[in-house]
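Novice: Show me how the following folds:
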Amino acid sequence: MRGVGQTVRFAGFCIGLAGFVLAGCGAQVATRTEGPTASQPEIGRYKLGQPYEVGGEWYHPKADYDYAETGIASWYGPKFHGKTTANGETFNQNALTAAHRTLPLPSMVRVTNLENGRQLKVRVNDRGPYARGRIIDVSARAAELLGFKADGTAKVRVSIVADESRRLAALAKGKASGPAPRAAPTKAVSRNGLTGDADSQATGDGAADRSRRVRWSGGGGSDIPRTTGEVTVVSVAAEPQIYIQAGAFVEYANARRLSTKLAEFAPTRIEPASVNDRRFYRVRLGPVPDAEEADALLASLADQGHAEAEVVVD
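Specialist: This next block holds a predicted model:
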(Lines give C-alpha, C1' and ligand atoms only; values in the text may rest on other atoms or scores of the structure.)
Protein backbone atom coordinates (compact mmCIF):
# COMPACT_ATOMS: atom_id res chain seq x y z
CA MET A 1 0.00 0.00 0.00
CA ARG A 2 1.28 3.43 -0.95
CA GLY A 3 2.44 5.86 1.71
CA VAL A 4 0.13 8.42 3.21
CA GLY A 5 -1.25 10.85 0.66
CA GLN A 6 -4.03 13.38 0.92
CA THR A 7 -7.74 12.57 1.03
CA VAL A 8 -11.05 12.91 2.66
CA ARG A 9 -12.60 10.06 4.65
CA PHE A 10 -14.70 7.70 2.53
CA ALA A 11 -18.33 7.74 3.57
CA GLY A 12 -20.75 5.28 2.03
CA PHE A 13 -23.88 7.21 1.33
CA CYS A 14 -21.99 10.37 0.45
CA ILE A 15 -20.89 8.74 -2.78
CA GLY A 16 -24.53 8.68 -3.76
CA LEU A 17 -25.06 12.23 -2.66
CA ALA A 18 -22.12 13.35 -4.75
CA GLY A 19 -24.11 12.41 -7.82
CA PHE A 20 -26.07 15.62 -7.36
CA VAL A 21 -22.98 17.65 -7.90
CA LEU A 22 -21.89 19.05 -11.19
CA ALA A 23 -20.90 16.81 -14.06
CA GLY A 24 -19.25 18.09 -17.22
CA CYS A 25 -21.54 18.94 -20.11
CA GLY A 26 -20.86 18.64 -23.83
CA ALA A 27 -17.29 18.42 -25.06
CA GLN A 28 -15.91 21.59 -26.65
CA VAL A 29 -12.25 20.91 -27.47
CA ALA A 30 -10.26 17.69 -27.64
CA THR A 31 -6.47 17.46 -27.63
CA ARG A 32 -4.65 14.27 -28.54
CA THR A 33 -1.02 13.25 -28.69
CA GLU A 34 0.62 11.62 -31.67
CA GLY A 35 3.92 9.86 -32.17
CA PRO A 36 5.76 6.55 -31.81
CA THR A 37 4.36 3.81 -29.62
CA ALA A 38 5.96 1.74 -26.87
CA SER A 39 5.25 -1.75 -25.56
CA GLN A 40 2.16 -2.06 -23.38
CA PRO A 41 2.95 -2.76 -19.71
CA GLU A 42 1.70 -5.62 -17.65
CA ILE A 43 -1.47 -5.26 -15.58
CA GLY A 44 -1.13 -6.08 -11.91
CA ARG A 45 -3.29 -8.53 -10.06
CA TYR A 46 -6.94 -7.81 -9.32
CA LYS A 47 -7.44 -6.44 -5.84
CA LEU A 48 -10.45 -5.36 -3.85
CA GLY A 49 -9.69 -6.41 -0.30
CA GLN A 50 -11.30 -6.34 3.12
CA PRO A 51 -12.04 -3.17 5.11
CA TYR A 52 -8.78 -1.68 6.36
CA GLU A 53 -7.61 1.01 8.75
CA VAL A 54 -5.07 3.76 8.14
CA GLY A 55 -4.39 6.50 10.67
CA GLY A 56 -7.48 5.67 12.69
CA GLU A 57 -9.79 5.80 9.66
CA TRP A 58 -11.56 2.76 8.22
CA TYR A 59 -11.98 2.26 4.48
CA HIS A 60 -14.33 -0.22 2.82
CA PRO A 61 -13.31 -1.32 -0.69
CA LYS A 62 -16.25 -1.97 -2.97
CA ALA A 63 -16.82 -2.91 -6.61
CA ASP A 64 -18.98 0.17 -7.20
CA TYR A 65 -19.52 0.57 -10.94
CA ASP A 66 -21.88 3.51 -10.38
CA TYR A 67 -19.23 5.49 -8.51
CA ALA A 68 -19.18 9.28 -8.96
CA GLU A 69 -17.83 11.78 -6.47
CA THR A 70 -16.71 15.38 -6.31
CA GLY A 71 -13.95 16.71 -4.10
CA ILE A 72 -10.28 17.68 -4.13
CA ALA A 73 -7.60 15.85 -6.13
CA SER A 74 -3.89 15.87 -5.43
CA TRP A 75 -0.95 14.23 -7.21
CA TYR A 76 2.09 12.11 -6.41
CA GLY A 77 5.31 11.53 -8.27
CA PRO A 78 9.06 11.42 -7.59
CA LYS A 79 8.87 10.10 -4.02
CA PHE A 80 7.02 6.98 -5.18
CA HIS A 81 8.45 6.59 -8.69
CA GLY A 82 9.63 3.01 -9.16
CA LYS A 83 7.89 1.68 -6.07
CA THR A 84 5.28 -1.06 -6.07
CA THR A 85 1.59 -0.21 -6.26
CA ALA A 86 -1.16 -1.84 -4.22
CA ASN A 87 -1.94 -4.28 -7.07
CA GLY A 88 1.68 -5.21 -7.74
CA GLU A 89 2.65 -2.90 -10.58
CA THR A 90 5.58 -0.49 -10.61
CA PHE A 91 4.58 3.13 -10.19
CA ASN A 92 5.58 5.40 -13.07
CA GLN A 93 4.95 9.09 -12.41
CA ASN A 94 4.80 9.71 -16.17
CA ALA A 95 1.97 7.23 -16.74
CA LEU A 96 -1.74 7.98 -16.54
CA THR A 97 -2.54 6.20 -13.29
CA ALA A 98 -4.06 7.09 -9.94
CA ALA A 99 -4.60 5.99 -6.36
CA HIS A 100 -8.05 5.56 -4.82
CA ARG A 101 -9.00 4.25 -1.40
CA THR A 102 -11.86 1.88 -2.26
CA LEU A 103 -12.35 1.19 -5.99
CA PRO A 104 -11.34 -2.17 -7.46
CA LEU A 105 -7.78 -2.39 -8.73
CA PRO A 106 -7.44 -1.95 -11.63
CA SER A 107 -10.27 0.39 -12.61
CA MET A 108 -10.66 3.11 -15.21
CA VAL A 109 -11.96 6.50 -14.07
CA ARG A 110 -12.65 9.80 -15.75
CA VAL A 111 -11.32 12.83 -13.88
CA THR A 112 -12.76 16.26 -14.67
CA ASN A 113 -11.01 19.38 -13.39
CA LEU A 114 -13.97 21.56 -12.39
CA GLU A 115 -11.80 24.67 -12.45
CA ASN A 116 -10.80 24.52 -16.13
CA GLY A 117 -12.99 21.82 -17.68
CA ARG A 118 -10.12 19.49 -18.62
CA GLN A 119 -11.14 15.83 -18.57
CA LEU A 120 -8.88 12.79 -18.73
CA LYS A 121 -9.14 9.01 -18.26
CA VAL A 122 -6.70 7.42 -15.82
CA ARG A 123 -6.26 3.85 -14.62
CA VAL A 124 -6.51 3.27 -10.87
CA ASN A 125 -3.85 0.81 -9.72
CA ASP A 126 -2.98 2.00 -6.20
CA ARG A 127 -4.49 2.72 -2.78
CA GLY A 128 -4.57 6.16 -1.21
CA PRO A 129 -4.49 9.02 -0.53
CA TYR A 130 -5.10 8.95 3.24
CA ALA A 131 -4.78 12.47 4.61
CA ARG A 132 -8.05 14.33 5.03
CA GLY A 133 -9.56 16.41 2.26
CA ARG A 134 -8.71 14.46 -0.93
CA ILE A 135 -10.62 11.90 -2.98
CA ILE A 136 -7.95 10.81 -5.49
CA ASP A 137 -4.21 11.04 -6.09
CA VAL A 138 -3.25 11.12 -9.77
CA SER A 139 0.21 10.68 -11.24
CA ALA A 140 2.42 13.69 -11.89
CA ARG A 141 1.78 13.43 -15.62
CA ALA A 142 -1.99 13.22 -15.20
CA ALA A 143 -1.91 16.32 -12.97
CA GLU A 144 0.06 18.12 -15.66
CA LEU A 145 -2.46 17.25 -18.37
CA LEU A 146 -5.37 18.19 -16.11
CA GLY A 147 -3.71 21.55 -15.48
CA PHE A 148 -3.15 21.51 -11.72
CA LYS A 149 0.36 20.16 -11.18
CA ALA A 150 1.75 23.59 -10.29
CA ASP A 151 -1.08 24.30 -7.85
CA GLY A 152 -0.90 20.89 -6.20
CA THR A 153 -4.65 20.38 -5.90
CA ALA A 154 -7.82 20.91 -7.91
CA LYS A 155 -11.58 20.66 -7.53
CA VAL A 156 -12.57 17.58 -9.48
CA ARG A 157 -15.29 15.14 -10.33
CA VAL A 158 -14.23 11.48 -10.48
CA SER A 159 -16.52 8.94 -12.14
CA ILE A 160 -15.84 5.30 -12.96
CA VAL A 161 -15.89 4.10 -16.56
CA ALA A 162 -17.93 1.00 -15.81
CA ASP A 163 -17.51 -1.14 -18.92
CA GLU A 164 -13.77 -0.59 -19.16
CA SER A 165 -13.34 -1.18 -15.43
CA ARG A 166 -15.15 -4.50 -15.63
CA ARG A 167 -12.98 -5.50 -18.57
CA LEU A 168 -9.80 -4.58 -16.69
CA ALA A 169 -10.99 -6.57 -13.68
CA ALA A 170 -11.61 -9.63 -15.84
CA LEU A 171 -8.19 -9.33 -17.45
CA ALA A 172 -6.45 -8.91 -14.11
CA LYS A 173 -8.24 -11.99 -12.80
CA GLY A 174 -7.01 -13.92 -15.81
CA LYS A 175 -10.55 -14.51 -17.07
CA ALA A 176 -10.18 -12.62 -20.32
CA SER A 177 -7.64 -12.31 -23.05
CA GLY A 178 -7.28 -10.46 -26.27
CA PRO A 179 -4.91 -8.64 -28.58
CA ALA A 180 -2.79 -5.93 -27.08
CA PRO A 181 -3.74 -2.30 -27.48
CA ARG A 182 -1.24 0.13 -28.87
CA ALA A 183 0.39 2.09 -26.12
CA ALA A 184 -0.33 5.80 -25.97
CA PRO A 185 2.06 7.90 -28.05
CA THR A 186 5.02 9.71 -26.61
CA LYS A 187 5.61 12.57 -29.05
CA ALA A 188 3.38 15.55 -28.23
CA VAL A 189 1.18 17.56 -30.55
CA SER A 190 -0.81 20.16 -28.67
CA ARG A 191 -3.74 22.54 -28.96
CA ASN A 192 -4.82 25.18 -26.48
CA GLY A 193 -1.59 24.81 -24.55
CA LEU A 194 -2.13 21.15 -23.63
CA THR A 195 0.74 18.74 -24.19
CA GLY A 196 0.79 15.11 -25.16
CA ASP A 197 1.21 12.06 -23.03
CA ALA A 198 3.03 8.80 -22.72
CA ASP A 199 0.61 6.07 -21.72
CA SER A 200 1.13 4.04 -18.64
CA GLN A 201 4.19 2.10 -18.57
CA ALA A 202 2.99 2.27 -15.37
CA THR A 203 1.86 1.63 -12.05
CA GLY A 204 2.31 2.29 -7.64
CA ASP A 205 2.29 0.09 -4.14
CA GLY A 206 1.73 -3.16 -2.19
CA ALA A 207 3.49 -6.50 -2.33
CA ALA A 208 3.48 -7.90 -5.86
CA ASP A 209 2.32 -11.33 -6.83
CA ARG A 210 4.20 -11.51 -10.11
CA SER A 211 2.73 -14.87 -11.05
CA ARG A 212 -0.77 -13.39 -11.25
CA ARG A 213 0.07 -10.48 -13.52
CA VAL A 214 -1.42 -10.34 -16.98
CA ARG A 215 0.78 -9.44 -19.92
CA TRP A 216 -0.43 -8.35 -23.34
CA SER A 217 0.63 -10.58 -26.21
CA GLY A 218 0.30 -9.21 -29.67
CA GLY A 219 -0.90 -6.50 -31.95
CA GLY A 220 -3.26 -3.56 -31.96
CA GLY A 221 -6.71 -4.59 -30.79
CA SER A 222 -9.05 -1.89 -29.59
CA ASP A 223 -11.02 -4.07 -27.16
CA ILE A 224 -8.53 -3.72 -24.30
CA PRO A 225 -9.22 -0.68 -22.07
CA ARG A 226 -6.33 1.77 -22.08
CA THR A 227 -5.52 5.36 -21.38
CA THR A 228 -4.88 7.43 -24.48
CA GLY A 229 -3.59 10.76 -23.24
CA GLU A 230 -6.56 12.51 -24.82
CA VAL A 231 -7.69 15.60 -22.93
CA THR A 232 -11.22 16.78 -23.56
CA VAL A 233 -12.36 20.22 -22.46
CA VAL A 234 -15.97 20.26 -21.27
CA SER A 235 -18.18 23.05 -20.03
CA VAL A 236 -18.36 23.32 -16.25
CA ALA A 237 -20.13 25.64 -13.83
CA ALA A 238 -18.34 28.84 -13.03
CA GLU A 239 -16.58 29.03 -9.67
CA PRO A 240 -17.31 25.64 -8.10
CA GLN A 241 -17.36 25.98 -4.32
CA ILE A 242 -15.73 23.88 -1.60
CA TYR A 243 -17.88 22.82 1.36
CA ILE A 244 -17.38 20.61 4.36
CA GLN A 245 -20.21 18.12 4.67
CA ALA A 246 -20.57 17.16 8.31
CA GLY A 247 -23.46 14.73 8.00
CA ALA A 248 -26.72 13.78 6.33
CA PHE A 249 -29.92 12.92 8.19
CA VAL A 250 -33.35 11.56 7.44
CA GLU A 251 -34.82 13.72 10.23
CA TYR A 252 -34.59 17.47 9.76
CA ALA A 253 -34.44 18.02 13.53
CA ASN A 254 -31.20 16.05 13.72
CA ALA A 255 -29.70 18.07 10.91
CA ARG A 256 -30.76 21.26 12.65
CA ARG A 257 -29.10 20.24 15.91
CA LEU A 258 -25.81 19.50 14.20
CA SER A 259 -25.97 22.70 12.17
CA THR A 260 -26.45 24.76 15.33
CA LYS A 261 -23.61 22.95 17.08
CA LEU A 262 -21.15 23.55 14.23
CA ALA A 263 -22.01 27.20 13.60
CA GLU A 264 -19.08 28.25 15.78
CA PHE A 265 -16.65 26.81 13.23
CA ALA A 266 -18.04 28.34 10.03
CA PRO A 267 -21.33 29.39 8.42
CA THR A 268 -23.61 26.36 8.13
CA ARG A 269 -26.47 25.41 5.84
CA ILE A 270 -28.97 22.55 5.60
CA GLU A 271 -29.60 21.26 2.10
CA PRO A 272 -32.28 18.68 1.18
CA ALA A 273 -31.33 15.87 -1.19
CA SER A 274 -32.91 12.67 -2.49
CA VAL A 275 -30.98 9.43 -2.83
CA ASN A 276 -32.73 6.31 -4.12
CA ASP A 277 -36.09 7.98 -3.42
CA ARG A 278 -35.10 8.71 0.18
CA ARG A 279 -34.96 12.28 1.41
CA PHE A 280 -31.93 13.45 3.36
CA TYR A 281 -30.88 16.72 4.94
CA ARG A 282 -27.22 17.52 4.43
CA VAL A 283 -25.37 19.70 6.92
CA ARG A 284 -22.63 21.72 5.22
CA LEU A 285 -20.14 24.33 6.34
CA GLY A 286 -18.77 26.97 4.00
CA PRO A 287 -18.10 27.70 1.32
CA VAL A 288 -14.38 27.81 2.09
CA PRO A 289 -11.99 29.59 -0.27
CA ASP A 290 -9.41 26.87 -0.95
CA ALA A 291 -8.16 23.39 -0.13
CA GLU A 292 -5.82 24.61 2.60
CA GLU A 293 -8.64 26.22 4.58
CA ALA A 294 -10.78 23.14 3.99
CA ASP A 295 -7.97 21.02 5.47
CA ALA A 296 -7.77 23.27 8.53
CA LEU A 297 -11.54 23.18 9.05
CA LEU A 298 -11.61 19.39 8.70
CA ALA A 299 -8.87 19.09 11.30
CA SER A 300 -10.76 21.33 13.73
CA LEU A 301 -13.93 19.31 13.30
CA ALA A 302 -12.06 16.05 13.80
CA ASP A 303 -10.53 17.38 17.02
CA GLN A 304 -14.07 18.00 18.27
CA GLY A 305 -15.19 14.47 17.46
CA HIS A 306 -16.62 15.01 13.98
CA ALA A 307 -14.32 12.64 12.12
CA GLU A 308 -17.07 11.84 9.62
CA ALA A 309 -16.86 15.31 8.02
CA GLU A 310 -15.62 15.41 4.42
CA VAL A 311 -14.94 17.80 1.58
CA VAL A 312 -17.43 18.17 -1.28
CA VAL A 313 -17.40 20.46 -4.30
CA ASP A 314 -20.60 21.97 -5.62
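Novice: Can you mark which positions in the helix or strand hosting residue 145 are buried?
Specialist: For residue 145, the element it lies in under DSSP states H and E is helix 140-146. Applying a neighbour-count criterion of 16 or more other C-beta atoms under 10 Å, one finds 140, 141, 142, 143, 144, 145, 146 buried in helix 140-146. The way it works is simple: take the backbone N, C-alpha and C, and place the C-beta from them, glycine included.
Novice: cool, stretch 248-267 as well?
Specialist: Applying a neighbour-count criterion of 16+ other C-beta under 10 Å, one finds 248, 249, 255, 258, 259, 262, 265, 266 buried in stretch 248-267.
Novice: Span of that stretch from start to end?
Specialist: Stretch 248-267 has an end-to-end distance of 17 Å (C-alpha to C-alpha, to the nearest Å).
Novice: so what pLDDT did the residue lying farthest from the centre of the chain get?
Specialist: For the chain, the largest distance from the centre (C-alpha atoms, centre = their mean) belongs to residue 253, which lies 33.6 Å off. Each residue has a pLDDT score; the one for residue 253 is 97.
Novice: The host helix or strand of it packs against which elements?
Specialist: Assessed by DSSP H and E, residue 253 sits inside helix 252-262. Helix 252-262 is packed against strand 242-249, strand 268-275, strand 278-288, with contacts defined by 3 or more C-beta pairs under 8 Å, 6 or more residues apart in numbering; DSSP states H and E.
Novice: Same list (those strands) but as CSV, adding mean pLDDT and distance to residue 120.
Specialist: Written out in CSV, the entries for the helices and strands packed on helix 252-262 read as follows (pLDDT from 0 to 100; distance: least, C-beta to C-beta, whole Å):
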stretch, mean pLDDT, distance to residue 120
strand 242-249, 96, 21
strand 268-275, 94, 28
strand 278-288, 96, 26
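Novice: Reformat the ones you listed as JSON lines; add distance to residue 173.
Specialist: Supplementary listing: the helices and strands packed on helix 252-262 in JSON lines, determined by distance: least, C-beta to C-beta, whole Å:
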{"stretch": "strand 242-249", "distance to residue 173": "35"}
{"stretch": "strand 268-275", "distance to residue 173": "31"}
{"stretch": "strand 278-288", "distance to residue 173": "34"}
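Novice: Can you tell me which of the ones you listed is most buried?
Specialist: strand 242-249 (a mean of 23; mean count of other C-beta atoms under 10 Å).
Novice: ends of stretch 111-124, how far apart?
Specialist: 11 Å.
Novice: From the chain's centroid, how far away is it?
Specialist: If you compare the mean C-alpha spot of stretch 111-124 with that of the full chain, they lie 9 Å apart, counting by C-alpha atoms, centre = their mean, to the nearest Å.
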